[in-house]
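# Below: sequence and its predicted model.
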There are 2 protein chains.
Amino acid sequence: MQTRRLFLISALAALSCSNAQTGGLALNEDNSHFFSTRAGRRLTAADVDAWADQYAGTQVRELIMSPNSMRTSYASKVWDPIWHGYDPDGPDDQPLLRSTPPESRAAARKWIHTAWQLDQDGIDVYARWIARVRKHGMSPWLSMRMNDVHNTDDERSYIHGEYWRAHPELRRVPYRFAGLTDRAFDYARPEVREHNMKLVRELAERYDFDGLELDWMRFGYHFRPGHESEGIAILTEFTANVRAVLDRWERKRGHKIRLGARVPSRPQTALGLGFDPVTWARRRLIDLLVVTPFWATVETDMPIELWKELLAGSNVVLAAGLEVLLRSYPDFRPLQMNSIETVRGAASAMLDRGADRVYLFNYMDSDTAMADLENYPRLLREAGRLDTMDGKPRRHVLTYADTWAPGEPRATPLPANCRPDEWQGFRIHTGPKPVAGRVEARIGLEGAGESEIGSWELRVNGELCSLRGPVTGVKPGPASGLFAFDVPLAAMNRGYNLIEIRPRHTGKVVWAEFAVLP
Amino acid sequence: MQTRRLFLISALAALSCSNAQTGGLALNEDNSHFFSTRAGRRLTAADVDAWADQYAGTQVRELIMSPNSMRTSYASKVWDPIWHGYDPDGPDDQPLLRSTPPESRAAARKWIHTAWQLDQDGIDVYARWIARVRKHGMSPWLSMRMNDVHNTDDERSYIHGEYWRAHPELRRVPYRFAGLTDRAFDYARPEVREHNMKLVRELAERYDFDGLELDWMRFGYHFRPGHESEGIAILTEFTANVRAVLDRWERKRGHKIRLGARVPSRPQTALGLGFDPVTWARRRLIDLLVVTPFWATVETDMPIELWKELLAGSNVVLAAGLEVLLRSYPDFRPLQMNSIETVRGAASAMLDRGADRVYLFNYMDSDTAMADLENYPRLLREAGRLDTMDGKPRRHVLTYADTWAPGEPRATPLPANCRPDEWQGFRIHTGPKPVAGRVEARIGLEGAGESEIGSWELRVNGELCSLRGPVTGVKPGPASGLFAFDVPLAAMNRGYNLIEIRPRHTGKVVWAEFAVLP
C-alpha cells in the first residue's frame, strides 16, 4: 500500500514535470526563408536536417514551421505549391514571374526553385524537419498561415493561389483597396473556410506533428469591416472543427496532437477582430495561445497578466510573441531590428508578467534576423528563461501596438510633443527589479539638444535623476538626440517604471527606454 | 421523497430568483447636492424623507448615498463635519469661507448651513434615508469617497479636512502641482489608511446599511506616480480589512452587509492605478463592482464583456457607471449633459454587453442633473432594463475614456483629421440590433460644409449610406456642422457598428453617433 502510494506520488510528480509549462522558447520558421537562403545549389536531405540541428540543445521547446502562405512550400494536392506554373528552364521573366519587379525576381525564384528541386528529389522538407526536431527532444509543430496577403497589390504575383485569383468575390473589402488586408479572404464565406479546412486536413494527414498552430496574425483581418462580431462564432466553430480533425489523427497516431493559435496582443482588440481565445481555452479547443503584434514592431507592453487571469483554470500555454522589428512609433525611421539586449528586455518583462513561453517570429538564422546575428546562438540559449538573462545588459524600449480592430481608437505613446513646464509621463515595464549595476533612463529628442535638456527635470518613480549625457551608437535607436539620465538603483520597481519629464522648451520625444546595465 | 425533492427544487428556484442580478439601476447621491439645493428654509424630517420617496417604484434597486468628501455631511466624531469652523451667525466672508471666491460663497454656505441645521435639530439625514429607502423596498447603501480632492488648488478651502491640511507630507506628489490629484493622499502611508479606516468603522457602527461602496474614483489616484504596482497589494489588504469590519457588523445586525467598489472602466488601467478588482472578487471581498469613467464624460465603450469574463465564477454584481457629462473629446465645447436619449443609448449598450446594473452618477434631481430634467422620472423607470427602453429613440455617441494610469498611452478617437481619399473608421457599440424604424449615422465636422460632405463616401458595416442632410438643434451635440446619413436598417448589427468615411476634402471629425429612431 505504502509502495503503491509512493509510486502514485512519483508518477504524479513526473506528470507534473512533463506538464511544466513555464519558460523556454517557441520559434517560428517561415515558409520561404529556408528555401531562398539555401538556394544556388542542389540541396540534400542532410542540408535540410542541418537547419533543425542548429536548435538542438537550445532553449527552444517548440520549433514551429510554416509550410504555406497562399501557396505551399511542399507538393500539396489541395492548394497550389509555390512552383505551380514554374518553368525551371525558363528565363527570370517567365509568365509566373513577369509581374514581379525585375529586382525582386531572383529572390522569388530562389524560393520557388529550391522548393521545386527538393520535391523533384523526393525530399519532403517538413517531414524531415518533424522527425529531426523530435529526435533532438524538441516538439515539432506546423504553423498554418490562415490568410496571408503578401503582394495582394499585384493580382498576378507568383505568390498567390489560383483560388484567390479566381474568386475576388470572396475577399473582405469589395469597395476599396487601401491596404493589403482589404484583399484578404472573408472567413464569413463557407467556401473560404472549406478552402482552408482542406489544407488543415492535408497537413494533419501528411505530417506527424506534435501540434498545429493556426496563425491568424498573417495578416489578422478575416471579416468584412464591421462584421467582426459575427466572426466570433464563426472562428470558434472553425477552431472546433480543426480540433475534431486533430482528434481523429490523435487516435491514429497514438499521441496527443496539440492546437495553437496566434492572435492580437490585447483581449479587446482580439474580440474586435473576431477572435475569442478565452472561449477556445474554456472549451479546451486550444493548448497554446500566442499573443503578438502583427509585424511593424516588437510590442513591449503586452498585458500578459490580463491574459493569465482570463486563462485561469485552463491548461493553455501562453506565449508572448516577439517580432523582429523595433520601432518606437509607426513612422520611426530607419528600419531597425531588435538586438540581443532589446530582446532580453522584452523577454524578461514578458516572463516576469507570467508568460509561459517567449515566442520568436522572424528571428531566423539569416536575412530576416536580429540586428546582431552573431548573438543568435546566445539568444537561443538565454531569452527563454529569467535566470539565463539575469545579470546581463538589457534594454526596455517603449514601443506601441500595431494591430487594432477597424474603428478601434489607437493608443501610441510616441512621438510626444513637449511644451515648457508641462509634465508628461512614459511607463515602461522592465520585468524583475534590477538589484545590481546601474540603470539609465534614455530619452530621444527632436528639436532640443544637450544644452536644453540639461535644464529639464526628469524623474523616475518620483526620484530626481541627473543627466549623464548624450548616448551615441545605440542600435536599435534614434540616429541622434538620445540622452541618458542616471536612475538611482533603489528607485527601480519590479514591473512598471515611470519616467516623468518637465520640459523647459518645446521639442518632441521620439524614443524612451530603460537600460539595465549590470 | 418526491415531495421533498419538489420542495428542494422550488427552494432553489426561489433562491435563484432572489439572487437574480440582472437589470435595474443603482443611483448615487453625492454629499452636497441635497443640502445645497434644499437650502433657504428650516428642513424637517419629512423634507429629508421626501428625497428618498421620489425613487420609490422606479427601477432603482440600490440607492447609494455619499456622506463625505474630505469632510462629512453628518456629525462625524472621527473626521471633520462640513460645518467645522462655521459660524451660522457670521458673514459670508467669515474665516471658513474667506478663501472661497465671493461668487461661490453663497452656494458653499447653503451646503454647510443646511447640514449644520439638520444636525442641530437632531435629524440624521443618512439614518432617515437608510430606513426610508429600505421601507420602499430598495437597498440602502453608503458610498465613501476614498480620496476626494475638490478644491485642492486652494489649501484653505472650507471643504478640506484639517488632517489633510496638517499633513502635506502624506500627499502623493511632493514635487509639483499639475492637477488636483497631485495633492491626493498617498495610500501607501499607513497613517492615510488608518485615517480612512476610522471613517469606515464609524459609518459601519453608526449606520445600518445594506452595503458600503468604496468610491476609489473620487478621484482615482491614490499612490505616488510610478508606485501603483506596490499599491495593488495595499488596496487589496485595505479592502479585506473593510470586509472584516463589515463581517463583525453583519453578525450584530443579523443581515448581510455587502461591499462595493468603484474603479476605472478598463482592467489594465485599473491595475495600472493600483486596483485589482478581479482578486477582490476571487477572494470574495466584494459583492458589487462599478466600472466607470471619472467625470469628464460618459464612457460609451466600456469593455463590459471583458469584465464579465474576468468575474466569471464570482457572484459579483457588475455595474456600468454612467457620468452625466457628455463630451466627444477632451476639449469639446460647450459643456453638455446627457439627455434621456443618450442615456438610453449608453445604458442599452451596457446592458446588452452584460452589465447587471446601470449605475447613475451625478444624475441627481436638480442642479447636477441630466440636460432634460423633465425626463428624470422616465429615466428612472426606463434606463435599467432593455425591455423598457425598447422601441424608444436612443443615441449612441462616440466618446472616450477620461482616466488613465500615469504614463499609460491614451486612446481618444476624436477629433480625427480628414485627408482627401484617406479612409477612416469609427466604431460604436449600439446594443441590441434595431429591428424597426430607422437609423441615422451622424458626423460632426469642422472645416467642411454640406456642399463638401455630399461628395464624401460613408459606409456602415460596408453598406453605402446616403446623405440625409444637416441636423440642427440636437443636444447634446455640436453647435453646428452635424450631418445625418441614412443607414439601411438591415445593415445594423447587434453590438459594434462601424462608420467608415472616405473624405474628399480636408476637415476634422469632431462628433460621431448612431441615432436609432423607431
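Now that the structure is in, tell me what you want to look at.
# wait, does stretch A:389-401 contact chain B?
Yes: using CB under 8 Å from any CB of the partner chain, we find that stretch A:389-401 touches chain B at residue A:400. No exception for glycine: its C-beta is placed from N, CA and C like everyone else's.
# Next, the buried residues of that stretch.
A:389, A:392, A:394, A:395, A:396, A:397, A:398, A:399, A:400, A:401 (16 or more other CB atoms under 10 Å in any protein chain shown).
# Could you work out the end-to-end span of it for me?
End-to-end distance of stretch A:389-401: 25 Å, with CA to CA, to the nearest Å as the criterion.
# Check the offset of that stretch from the chain's centre.
With CA atoms, centre = their mean, to the nearest Å as the basis, stretch A:389-401 stands 16 Å off its chain's centre.
# Next one: residue A:432 from residue A:345, what distance?
The gap separating residue A:432 from residue A:345 is 11 Å, by CB to CB, to the nearest Å.
# Actually, residue A:121.
Distance from residue A:121 to residue A:345, counting by CB to CB: 44 Å.
# Output the lengthiest strand in chain A as CSV, restricted to C-alpha atoms.
Secondary structure of chain A per DSSP state E: the longest strand is strand A:507-517. Extracted in CSV, the C-alpha atoms of strand A:507-517 (Å, rounded to 0.1, in the frame of the first residue of the first chain):
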residue,chain,number,x,y,z
GLY,A,507,10.6,69.6,-28.6
LYS,A,508,9.4,66.1,-29.5
VAL,A,509,10.2,62.9,-27.6
VAL,A,510,10.7,60.1,-30.2
TRP,A,511,12.3,57.5,-28.0
ALA,A,512,12.2,56.3,-24.4
GLU,A,513,13.8,53.3,-22.7
PHE,A,514,15.4,51.9,-19.6
ALA,A,515,18.8,50.3,-20.0
VAL,A,516,19.6,47.9,-17.2
LEU,A,517,23.4,47.6,-17.1
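# Quick one: list the elements packing against it.
Contacting strand A:507-517 under the criterion 3 or more CB pairs under 8 Å, 6 or more residues apart in numbering or on different chains; DSSP states H and E are the following elements: helix A:340-352, strand A:394-397, strand A:416-418, strand A:424-429, strand A:438-446, strand A:482-487, strand A:496-502.
# Report all helices and strands that the first one contacts.
Where contact means 3+ CB pairs under 8 Å, 6+ apart, helix A:340-352 is packed against strand A:317-322, strand A:357-361, helix A:376-382, helix A:386-389, strand A:394-397, strand A:507-517.
# can you check the last one too?
With contacts defined as 3+ CB pairs under 8 Å, 6+ apart, the secondary structure elements packing on strand A:496-502 are strand A:424-429, strand A:438-446, strand A:457-460, strand A:507-517.
# Could you pull out the helices in the stretch 51-200 of chain A for me?
Here the stretch 51-200 of chain A has its helices, by DSSP state H, counting those that start in this stretch, at A:102-120, A:125-135, A:162-166, A:190-206.
# closest to chain B out of the ones you listed?
helix A:190-206 (16.3 Å; CB to the nearest CB).
# And the next helix or strand past that closest one?
Sequence order places strand A:211-215 as the next helix or strand after helix A:190-206, per DSSP states H and E.
# quick one: contacts for the residue in the stretch 51-200 of chain A that chain B sits nearest to?
In the stretch 51-200 of chain A, the residue that lies nearest chain B is residue A:178 (5.1 Å; CB to the nearest CB). Shown in contact with residue A:178 (CB atoms under 8 Å, 6 or more residues apart in numbering or on different chains): B:422, B:423.
# Quick check: which of the helices and strands packed on helix A:340-352 is buried the most?
Comparing the helices and strands packed on helix A:340-352 by mean neighbour count (mean count of other CB atoms under 10 Å in any protein chain shown), strand A:357-361 ranks first with a mean of 28.
# contacting residues around it?
For strand A:357-361, contacts defined as CB under 8 Å, 6+ apart pick out A:23-28, A:61-62, A:290, A:292, A:317-324, A:347, A:350-351, A:379, A:383-384.
# One more: stretch A:105-122?
Contacts of stretch A:105-122 (CB under 8 Å, 6+ apart): A:32, A:35-40, A:42-43, A:48, A:73-75, A:81-83, A:86, A:88, A:92-93, A:96-97, A:100, A:124-125, A:158-159.
# could I get that stretch in PDB with only the CA atoms?
The C-alpha trace of stretch A:105-122 is given here as PDB (Å, rounded to 0.1, in the frame of the first residue of the first chain):
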ATOM      1  CA  ARG A 105      12.600  38.200 -59.400                       C
ATOM      2  CA  ALA A 106      15.800  36.500 -58.500                       C
ATOM      3  CA  ALA A 107      14.900  36.200 -54.800                       C
ATOM      4  CA  ALA A 108      11.400  34.900 -55.600                       C
ATOM      5  CA  ARG A 109      12.900  32.400 -58.000                       C
ATOM      6  CA  LYS A 110      15.300  31.100 -55.300                       C
ATOM      7  CA  TRP A 111      12.400  30.100 -53.100                       C
ATOM      8  CA  ILE A 112      10.400  28.600 -55.900                       C
ATOM      9  CA  HIS A 113      13.300  26.700 -57.500                       C
ATOM     10  CA  THR A 114      14.700  25.300 -54.200                       C
ATOM     11  CA  ALA A 115      11.300  24.000 -53.100                       C
ATOM     12  CA  TRP A 116      10.700  22.500 -56.600                       C
ATOM     13  CA  GLN A 117      14.100  20.900 -56.600                       C
ATOM     14  CA  LEU A 118      13.700  19.300 -53.200                       C
ATOM     15  CA  ASP A 119      10.300  17.900 -54.300                       C
ATOM     16  CA  GLN A 120      11.800  16.600 -57.500                       C
ATOM     17  CA  ASP A 121      14.400  14.800 -55.500                       C
ATOM     18  CA  GLY A 122      11.800  13.300 -53.200                       C
END
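# in it, what counts as buried?
Buried residues in stretch A:105-122, counted by 16+ other CB under 10 Å: A:105, A:108-119.
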